[in-house]
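Student: quick one, what's the 3D model for this:
(one chain, ligands or ions: 2)
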Amino acid sequence: MTKMTVNNRPVQYLLDPDTPLLWALRDASNLTGTKYGCGNGDCGACMVLVDGVALRSCLVTIAEAEGRLITTIEGLSRDRSHPVQQALVAEQAIQCGFCTPGIAIAAAALLEDNPSPSREEMDAAIPNLCRCGVYPRLVRAIARAGEAASGARPIEAAPPPAIAPEEAAREVPALRPTGAQPQRN
Ligand code: FES
Ligand code: FES
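Tutor: Ligands and ions are numbered 1, 2, ... in the order given. The predicted model follows:
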């Protein structure tokens, strides 16, 4: 049994210790916001925070993640209120959205350390691939998220999710409060 904390909840995986963290999160915890792109460490679609560091979860085994604090895109905020999420919407820096969770995770980690990154620092910290090519808008969004996080330039709140976090949690075991069971109406 491999234990870790996922989105502030204790989780135990009864999986082969060599299972990539990506598959444990997606298949066992139903946290499908973390995407599978290449499986080779090239695209960054699978990025999650491991003790606050953005890592490619396709390259991290659950054994390596044991005891760590894992944050997926579902845990970055419960209501899309993280400055990176707000800025991505405000700058319309999303097309198909497949790369977006990984980029949001990488950007959140960067801004935590450096709220005003240069273009070169963004390129170094966020090597993620976007097949839709929204890179110019991503650069604007990340800069704007830094401004919002520092309070220099607030962002008008984006529309709330179409589903309440509590309703989503009923279907996502790792998001439910400990001991809570799914509820059906
Ligand atoms: S799926 Fe992990 S880097 Fe592409
Ligand atoms: S928005 Fe489609 S891959 Fe980036």
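
Student: going forward, measure contacts between C-alpha atoms and count neighbours the same way
Tutor: Noted.

Student: quick check: the residue of this protein nearest ligand 1.
Tutor: Residue of the chain nearest ligand 1, by Cα to the nearest ligand atom: G41 (3.3 Å).

Student: which SSE is that residue in?
Tutor: Under DSSP states H and E, no helix or strand contains G41.

Student: how much space between it and V139?
Tutor: Distance, G41 to V139, by Cα to Cα, to the nearest Å: 22 Å.

Student: returning to what we had before: number of residues surrounding the residue of the chain closest to ligand 1?
Tutor: Using other Cα atoms under 10 Å, G41 is surrounded by 17 other residues.

Student: quick one: it from A124, how far?
Tutor: 15 Å.

Student: next: L22.
Tutor: Distance from L22 to A124, by Cα to Cα: 23 Å.

Student: does any part of the longest helix anywhere in the chain sit near ligand 2?
Tutor: For the chain, the helix that runs over the most residues, judged by DSSP state H, is helix 135-150. No. Helix 135-150 is not in contact with ligand 2 by Cα under 6 Å from any ligand atom; minimum separation 8.3 Å.

Student: mind listing what's buried in that helix?
Tutor: Neighbour-count burial for helix 135-150 flags 137-149 (criterion: 16 or more other Cα atoms under 10 Å).

Student: put the alpha carbons of it into CSV.
Tutor: Output of helix 135-150 as CSV, limited to C-alpha atoms (Å, rounded to 0.1, in the frame of the first residue of the first chain):
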residue,chain,number,x,y,z
TYR,A,135,1.7,30.5,-26.6
PRO,A,136,1.4,34.3,-27.0
ARG,A,137,-1.8,34.3,-25.0
LEU,A,138,-0.3,32.0,-22.4
VAL,A,139,2.6,34.5,-21.9
ARG,A,140,0.1,37.3,-21.3
ALA,A,141,-2.0,35.2,-19.0
ILE,A,142,0.9,34.2,-16.8
ALA,A,143,2.1,37.8,-16.6
ARG,A,144,-1.4,38.8,-15.7
ALA,A,145,-1.7,36.1,-13.1
GLY,A,146,1.4,37.4,-11.4
GLU,A,147,-0.1,40.9,-11.3
ALA,A,148,-3.3,39.6,-9.9
ALA,A,149,-1.6,37.5,-7.3
SER,A,150,0.4,40.6,-6.1
